[in-house]
Every structure is written in C-alpha cells, then in structure tokens.
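1. here are the coordinates; sequence isn't available:
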C-alpha cells in the first residue's frame, strides 16, 4: 500500500471520530477481536486468519477512555510519521508519546506494554501492516544469492557480498527487485548452517537465494520471503533443525502465527515446502549416533503441534509420531558427522531434486 | 597469522607428543590456566590478560587421558580444516569428532560441553585465535559506512548498501580494507538505534562507519572493530543504553572479557571511548520522565561493575554511583522523547565534537 493511502485511512479514522463528536455522540472505534477464539486456520488459503468478531472502544465508557485516548495518539503519531517519510521503532513510538497529562498526575503511557497492543489494534482496524504505518520491529536475518535489490537508491548485487551477505532490515517494503536469476529461495534456521552453505558455495552451484532466519524469523525476514515467493514466483524451501521448535519456525513462515493472524496474507508463504531435518532422515542417512534426547519440554511442544490443524497431514503426523517414538531430535549441524560437505553436496541437492519435500 | 604458520604450530605440537612417545615417556601438553585466579587487568595495555600460571595434561594420568585424547583429536581436525581451507562451527566440530570408540561402549565425545573448553585450551596453548584454527562462533552484527571491503574475492562498497548494511560474519580475518574514508567508527548496542541513525543518514552526514552489535557483541564484531581501530587508526566510540548491561558491553569491547582473556589483544579495543547514555545525560537533556526504575538485578550488576579494576576511574564511579542514587536506568531510544532526529542531529554530534566522552 502506498503512503498516501495509509495516510488516507488514518485521516478517515480521525474524521469519523470527529463526526461523532460534532453529533454529540461518544466517538468509537471498531476493530476485529484478536483473541484465540477469533483466530482460525483457513484451509482455502492455508493461512491462519482472523475471524469476523469485532469489539468496540468507546470514549465515553470509563473502562475504555484511556485506551481510546492512547489509540488516537498512536494514530496521530503514525500519520505524522507517514507524512514526514519517517519510521520509528515501537519503543521510540512509546517514548515519543510518553508524557504527563497537564494538570493531572497521570502519564499518557506508563509502559510499552500499553502501546504495543494498541498498535496492533490500529493495524487490524485499518487493515494496514505495521510497516505501512512506518513502525519497526527488531531486525534479524541475512540474505545472499543471485538477486539485485534496489534499496533506498542503492543498487545491491547480493551475489557479490563475499561470505558476509546482506543484513535484512526490519522493513523491506522499499526493496525493489531489479533482476533475479535464481531457481528458488532456501530459508535456513541457523546462522551456522547458513555459513556452512555459503562456504560450500551452495547458492552459486545451485543457483538459489539463501536467507538465514537465525532462530524464529523476524517480521522483515518473513515479509521478504513472502515477497520473493509471491512477486517473483520463486519456490520457497525451508531447512530447520529436526525438533518441534524448528518445525514451528517453518509453520510460522508458511501459515503465519496466531498472534499476527491479521497479517498472515503478507507475512506467510503458504506455498513453502520443507526439506528437513526429518525424523526419517535419521534412518535414511544413518544419523542414529548424532541425535539428541528429547526433553520433557520438547515432548510437550510436540503434543501441541499435533493439535494444530495445519499439522493434520499424514506426512507431518508421521514425523511427529516418529519423534516421540524414537525419543530424539536432530540438528542441522549433525549432518557434519558424515562430512562437512555432505549437506551441500548430497543431502540438500538430492532431496530437492527428487522432490522429497514435506508441505 | 597465516594458515601456514597455524598449521606449523599444530604440526609442532603433534611432533612433541610423538617425541615423548618414542622416548617411552607419557606425552604431555602444557597450557596457561584460565581460571579467574590467573586473569588480571593489565594497566599498561588496559586489557584483561592471562597470567603465567600453567597446567599440564598428561596421557598416562587416568584423570587426564580422555581429555588428552579429545584435545589431540581436536588438534588433528583443526589441522585438517586449515590445510583444506575449510572452516567449521564449534558445533560441527563436535559432530565431526563424535563417534564410538572401537571395541568399547565409550564415545569420543558425549556433549559439546566437552569439546568447547578444549578448543580454548588449544588456542591458549598455541597462542592462536579460534578463527585462525578455522573454527567459528555464532555471528551477529551489521556494518554500514564509507569503507570498501574485499571479502572472499568480492569488493563490497559498504556505503552503497541502502538501509540494509553488511551482515558481519563470525570470521572477518579474510576481510581486506581496500579504501576507507571515514573519521571514526561508531559502535551501537541496539539494532533499533542503528536503524534510527541509518534513517537519519548519520553515517553520511558525519562520515563515519557504524556497527550494530545487537546486544553483547559476537566475536566477529569485536574482532572487526579491533581491526578497524588498530589497522586503520580509526577512533572507536561506543553508544549503549545507560544501564550496567550496556556499560558491560562497552567494557568487553574495550578491555576484553574474563572468559576470553587470552584473546584480549585481538578482540579488545583499549583505545575505545564511550559517548553515552550516561546518568549525567538525564539532567543535561531533561530526560527524567523517560527513565526506567532500576531493578534488584540491575543494582546487583552495578555493584559488581564497581568492583572491576577497569571501572576504577573517577568518571565511571561517578556514573555508577549516580545510577544507584537516582535508582534509574535510561535507554538509547528514550532520546526519541525529544524528537526522532534529536539523537542524530544534536546529542551525538554535540557530545562527540566537544569530546565529552568517557574512556
């Protein structure tokens, strides 16, 4: 969405509130509910989505007044950010708005935990992404490969960044994909495995773009993979540790998350596939000696995953059941027990070429 | 140090062990002790250094045999890595060496916690850095600014990386600084503040290189700042949150850490100065309303810092005492309460220009 349109929606909201006031009615805001009872897995889109339940915040309701004021303040500040072409972190936004209210002992905000959920209210109310309101979350992640990106006036050839790669910022809306010559995007959980594949020149030999999420993916990373997949039609393949945490990182990249269900369309990549590590890999590649014992906290997480509708697929149930039955998990880096090159020269190319992927 | 020299030291160690064996003596390795009783703050170099106490690991001592074998295995694997021009993460090294010992039920290694300290033993014994043994730790950190770096055959102009910046890898030994036109290096604790300064074009307007450590700095980041400072004679200035955790991040960047005292010379930057946030800033810039209350865990950390020899400076004692007396801490991002641009247009340029820096 263009800045002008976002500004338009914010202005519209302000005008509606003003209209209520001039009619001597209590101004109100209506927004989708975000509790788990209004989040569902939408089979058609393969995404976690918000339902149709809404709630209303009214200025003249004492229980709502402060939050109403705070939401309006955030809206006004976002309008200022967008119109000035500035961005702010959600922490900076909090500090920008925190002040004492004249002739009272009250502060507008006492803690960032008050402003954060109201930002999400504004996002859902206006159907705009946080990044479109010019607000930033933390950034994390690295990209390397055969793509030329224009970022803020600079043209960056991501195939010419040595072993370092491009730091993925928190906002990637400004990225323009100028030229791409890659067959797919490989998304990798750990920085160490990304380094291994860079060292083996995997991205060059296999002509792909590689993205390291470095644990649970930050929003910038998720949005970038979504854009590479939807705008450039690049297949996206995920490579994580073989444990419930890795599988959930995949699940968030693919279907979105419960907390951000309102942004699944722009952050999720439902066409994404999964290359490994699977529990079946342990037998297939003789990795029994380099597994780790499943801890109680891992087992608990597996049983949670088994409840999620989007893991109700034969192939995933088989993997999760195998994990419980074997009582083990396995890391990406355990493939080094074969040889350092094994992951890049045999494991990944073989599995990807033969289409041995979960979805 | 060149690969050839590192390989030479590893070969030398092997030959010494072999010589003992051929003389029917128990082979031994002698290495500096690394306990806190052998770590001291060296005033002359302003670095944390290891002392002269050593300990010996002997093959024929039953209490040492397994560790002796493990250390020798790690040495042999590092020699292989160096000679093949490969690097491995310390996790991969563990997986590469983990196997069962023929005709026993014993494994060479059962957990990475066994191999990690032995890597450090080898580093101190041979006086080589982990990175020179071709071993990698996790990477973290971003660089942007007016410097051209050659990395693995690619020439990277770090002033042309949009708002993204270069991802700092875990090993930066291969970096060649081709051209630099910057007045200093500004090292920044939080990713969000780095983003703010990038957005304000601080690095362009003030002609500096900016590095984000994103919390406690990874080794790659520390080594990079050390190299920029010592090889290019660039002043290094640190900008952290005003709390004991931020001050300790500065202290590690500057003087090294107790755990890695053997590498302080190559990871520490004793010439580094500190621009803020200081407790004095709170009064100077009217930031009383945007401080946070000091928690017990913060207070405990402050009293620890007050014990460290390298904080025994009048200016630092004043700041730490002020922190306890005011009972508050302050974040970098709290400067946004003045205006988003304040940090880039007033706070940093004024303090740096007037030399209002702690050391």
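-> It's in. It should be emphasised that the depicted structure is a prediction, and the values quoted were computed from it without experimental measurement. Numbers count the residues shown, from 1 in each chain, chains lettered A, B, ... in the order given.

2. please see if stretch A:55-75 touches chain B.
-> No - applying Cβ under 8 Å from any Cβ of the partner chain, one finds stretch A:55-75 separated from chain B by no less than 13.8 Å. For the C-beta atoms, the positions are set from N, CA and C on the backbone; glycine is no exception.

3. list the buried residues in that stretch.
-> By 16 or more other Cβ atoms under 10 Å in any protein chain shown, the buried positions in stretch A:55-75 come out as A:57-59, A:64, A:67-68, A:70-75.

4. can you redo those as CSV with secondary structure?
-> Formatted as CSV, those follow (DSSP: H, G, I helix; E, B strand; the rest coil):
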residue, secondary structure
A:57, strand
A:58, strand
A:59, coil
A:64, helix
A:67, helix
A:68, helix
A:70, helix
A:71, helix
A:72, helix
A:73, helix
A:74, helix
A:75, helix
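
5. and which of those residues is nearest to residue A:217?
-> In terms of Cβ to Cβ, no member of the buried residues of stretch A:55-75 lies closer to residue A:217 than residue A:74, at 25.4 Å.

6. and the closest one, how far from residue A:324?
-> Residue A:74 is 45 Å from residue A:324, where distance means Cβ to Cβ, to the nearest Å.

7. again, but for residue A:98
-> Here the criterion is Cβ to Cβ. By it, residue A:98 lies 48 Å from residue A:324.

8. same check on residue A:293?
-> Distance, residue A:293 to residue A:324, using Cβ to Cβ: 12 Å.

9. in which helix or strand does residue A:221 reside?
-> Taking DSSP states H and E as the definition, one finds residue A:221 inside helix A:219-232.

10. next SSE downstream of that helix?
-> strand A:236-239.

11. so which bits of that following strand are buried?
-> A:236-239.

12. of those, closest to chain B?
-> residue A:239 (15.2 Å; Cβ to the nearest Cβ).

13. partner residues bridging that closest one?
-> residue A:188, residue A:276 (DSSP bridges).

14. and residue A:142, how many residues sit next to it?
-> 28 (other Cβ atoms under 10 Å in any protein chain shown).

15. swap in residue A:288?
-> Counted with other Cβ under 10 Å, residue A:288 comes out at 11.

16. quick check: it touching residue A:282?
-> Yes - using Cβ atoms under 8 Å, residue A:288 is in contact with residue A:282, at 6.1 Å.

17. circling back to that earlier point, name the helices or strands packed onto the helix holding residue A:221?
-> strand A:176-180, strand A:185-188, strand A:209-212, strand A:236-239, helix A:244-255, helix A:264-267 (3 or more Cβ pairs under 8 Å, 6 or more residues apart in numbering or on different chains; DSSP states H and E).

18. all strands of the stretch 251-359 of chain A, in order?
-> A:273-276, A:292-293, A:328-329 (DSSP state E, counting those that start in this stretch).

19. hang on, I meant the stretch 51-200 of chain A
-> Here the stretch 51-200 of chain A has its strands, by DSSP E, counting those that start in this stretch, at A:54-58, A:88-89, A:135-136, A:142-144, A:147-151, A:154-157, A:166-167, A:176-180, A:185-188.

20. redo these as a markdown table? Include distance to residue B:341.
-> Shown next, in a markdown table, are the strands of the stretch 51-200 of chain A (distance: least, Cβ to Cβ, whole Å):
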| stretch | distance to residue B:341 |
| --- | --- |
| strand A:54-58 | 32 |
| strand A:88-89 | 11 |
| strand A:135-136 | 16 |
| strand A:142-144 | 29 |
| strand A:147-151 | 21 |
| strand A:154-157 | 22 |
| strand A:166-167 | 23 |
| strand A:176-180 | 26 |
| strand A:185-188 | 36 |
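
21. how is chain A divided into domains?
-> A:3-136, A:142-353 (automatic domain parsing).

22. name the nearest residue to residue A:159, sequence neighbours excluded.
-> Counting by Cβ to Cβ, 6 or more residues apart in numbering or on different chains, residue A:159 lies nearest to residue A:146, which is 4.7 Å off, once chain neighbours are set aside.

23. let me redo that: residue A:334
-> Nearest residue to residue A:334, sequence neighbours excluded (Cβ to Cβ, 6+ apart): residue A:290, at 4.0 Å.

24. how about that neighbour, what does it touch?
-> Residues near residue A:290 by Cβ atoms under 8 Å, 6 or more residues apart in numbering or on different chains: A:330, A:334, A:337, B:95, B:98.

25. repeat that for residue A:269.
-> A:222, A:225-226, A:229-230, A:236, A:253-254.

26. of the residues you listed, buried ones?
-> Counted by 16+ other Cβ under 10 Å, the contacts of residue A:269 give A:222, A:225-226, A:229, A:236, A:253-254 as buried.

27. out of those, who's nearest residue B:155?
-> When those are ranked by distance to residue B:155 (Cβ to Cβ), residue A:225 comes first, at 28.0 Å.

28. tell me which of residue A:98 and residue A:324 has more neighbours.
-> residue A:98 (20 against 15).

29. how close does the closest residue to the more buried one other than its chain neighbours get to residue A:115?
-> Among residues not flanking residue A:98 along the chain, residue A:109 sits closest, at 4.7 Å (Cβ to Cβ, 6+ apart). Using Cβ to Cβ, residue A:109 is found at 6 Å from residue A:115.

30. would you check that residue A:278 makes contact with residue A:319?
-> Yes - with contact defined as Cβ under 8 Å, residue A:278 counts as touching residue A:319 (5.4 Å).

31. shared neighbours of the two, which are they?
-> With Cβ under 8 Å, 6+ apart, residue A:278 and residue A:319 have common neighbours residue A:358.

32. burial measure for the residue lying closest to residue A:329 once chain neighbours are set aside, as a count.
-> Leaving aside its sequence neighbours, residue A:329 sits nearest to residue A:243 (Cβ to Cβ, 6+ apart; 3.7 Å). Counted with other Cβ under 10 Å, the neighbours of residue A:243 add up to 23.

33. with residue A:147 instead?
-> 23.

34. mind listing the residues bridging to it?
-> Under the criterion used (DSSP bridges), residue A:147 bridges to residue A:180.

35. what does the one 4 residues further on give?
-> When bridges are called by DSSP bridges, residue A:151 pairs up with residue A:154.

36. tell me if I'm right that it and residue B:163 touch.
-> Yes - with contact defined as Cβ under 8 Å, residue A:151 reaches residue B:163; the gap is 6.0 Å.

37. overlap of the contact sets of these two?
-> Joint contacts of residue A:151 and residue B:163 (Cβ under 8 Å, 6+ apart) are residue A:174.

38. neighbour-wise, which of the two wins?
-> Set residue A:151 next to residue B:163 and count neighbours by other Cβ under 10 Å: residue B:163 wins out with 22 against 19.

39. ok, that one - contacts?
-> Under the criterion of Cβ under 8 Å, 6+ apart, the neighbours of residue B:163 are A:151-152, A:169, A:171, A:174, B:195, B:198-199.

40. output the strands of the stretch 51-200 of chain A in CSV; the columns should cover mean pLDDT and distance to residue B:13.
-> Listed next are the strands of the stretch 51-200 of chain A as CSV, based on pLDDT from 0 to 100; distance: least, Cβ to Cβ, whole Å:
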stretch, mean pLDDT, distance to residue B:13
strand A:54-58, 96, 69
strand A:88-89, 96, 50
strand A:135-136, 94, 50
strand A:142-144, 98, 35
strand A:147-151, 98, 45
strand A:154-157, 98, 43
strand A:166-167, 98, 38
strand A:176-180, 98, 49
strand A:185-188, 98, 35
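
41. helices along chain A, start to end?
-> A:3-22, A:62-84, A:90-97, A:112-126, A:191-199, A:202-205, A:219-232, A:244-255, A:264-267, A:279-284, A:296-305, A:314-326, A:342, A:348-353 (DSSP state H).

42. how about the residues of the stretch 201-350 of chain A by chain B?
-> A:214, A:289-290, A:331, A:333-337, A:340.

43. pLDDT-wise, what's the bottom of those residues?
-> When those are compared by pLDDT, residue A:289 scores lowest at 90.

44. tally up the residues packed near that residue, please.
-> So residue A:289, with other Cβ under 10 Å, has 13 neighbours.
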